[in-house]
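In: just coords:
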């Protein structure tokens, strides 16, 4: 395998250990975690680490990623509400999907009948985060009723999304609202819902405090498994946050002024650069750029390093104060925020190496 940089190193034993910790935590409260692979772009290696850690359902936002995971012995859940135009592929590659639109649900019914399959539906209710889901409980119940009547579909349960778009935190109160709507659906339709899907890794602090109400029996976990973080990117107790590291190579190392010579125009991204005059500084240029990752999402493992800026293909660092005598060709390592990890995973210019 090529050892080229930049490279995102993923520690699979740590990912597996995180999965084991989350499965143990959730199952102690009667909750079945779904292992979300979207942060890893549907990585087969990461999905296998989840399964080795006890995860039994895999979820992803993109059908293409679920297609890559078809050979793995797990239920597949489509995390993003589907497009009606993708109904055939949704039924083909996902056992379960989250839904909020009658038009799409009818398309899934037709696709399931055409393929001779039964597709499971989790109806989504919006508790105020203002992303997907019916906002009115009557509409949610009506949609659940429609699912229960259409051929080729099975009403799997009720779900909600929180702390993704609107930043609404999972709370005992809003999770209880979801449970109450689930009970209403069961009473009015005379059915038993298999799943009440409360939220994502953002709900783990609530679970740890004992505030998650009875009746919530599924959480959709991605960041906590792959990065050991939950709400507000805070570390989850008992997990590792050292699962991923980005390595980049120094391609130039020179002493230069800290302020450009003569006047400056807008940079390549339409911004007016601002510079602090610190005199002559030792500067390292690294072979990664804004096309791959937002520099604000990089955390240097060497605390004496300072990120100055860069361009679409270059990262510029101030290494004047570092104890390490860096040379051209050396590798500099960074930890990543959630957004940084997502960007590096998505970039085809960042090699991925899975450590076993």
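Out: Received, thanks. Everything numeric in this text was worked out from a predicted model, so none of it was measured. Numbers count the residues shown, from 1 in each chain.

In: could you give the average pLDDT over stretch 250-261?
Out: Stretch 250-261 comes out with an average pLDDT of 94.

In: buried ones in that stretch?
Out: Residues of stretch 250-261 classed as buried by neighbour count (16 or more other CB atoms under 10 Å): 250, 253. Heads up, the C-betas are built off the backbone N, CA and C, glycines and all.

In: now the element after the helix of greatest length in the chain, going C-ward?
Out: The residue-count maximum for a helix in the chain (DSSP state H) belongs to helix 172-189. Counting by DSSP states H and E, the next helix or strand C-terminal to helix 172-189 is strand 195-199.

In: identify the residues contacting residue 268.
Out: Residue 268 sits next to 311, 312 when contact means CB atoms under 8 Å, 6 or more residues apart in numbering.

In: and it, how far is that from residue 23?
Out: Remark: distance between residue 268 and residue 23 (CB to CB, to the nearest Å) = 46 Å.

In: got it, and residue 133?
Out: Residue 133 sits 27 Å away from residue 23, going by CB to CB.

In: okay, the angle between the longest helix of the chain and strand 195-199?
Out: If you take axes from the mean of the first three to the mean of the last three CA atoms, to 10 degrees, helix 172-189 sits at 160 degrees to strand 195-199.

In: which residues touch the residue lying farthest from the centre of the chain?
Out: For the chain, the largest distance from the centre (CA atoms, centre = their mean) belongs to residue 262, which lies 43.7 Å off. Residues near residue 262 by CB under 8 Å, 6+ apart: none.

In: Provide the backbone phi and psi angles at the residue lying closest to residue 278 once chain neighbours are set aside.
Out: The shortest distance from residue 278 to any non-neighbouring residue, by CB to CB, 6 or more residues apart in numbering, is to residue 258 (4.3 Å). Dihedral angles of residue 258 (phi, psi; degrees, to the nearest 10) stand at phi -90, psi -10.

In: residue 15 now?
Out: Torsion angles, degrees, to the nearest 10, at residue 15: phi -60, psi -40.

In: does it really touch residue 51, like I thought?
Out: No. Using CB atoms under 8 Å, residue 15 is not in contact with residue 51; the gap is 11.0 Å.

In: which one of these two is surrounded by more residues?
Out: The residue with more neighbours, out of residue 15 and residue 51, is residue 15; 31 against 19, by other CB atoms under 10 Å.
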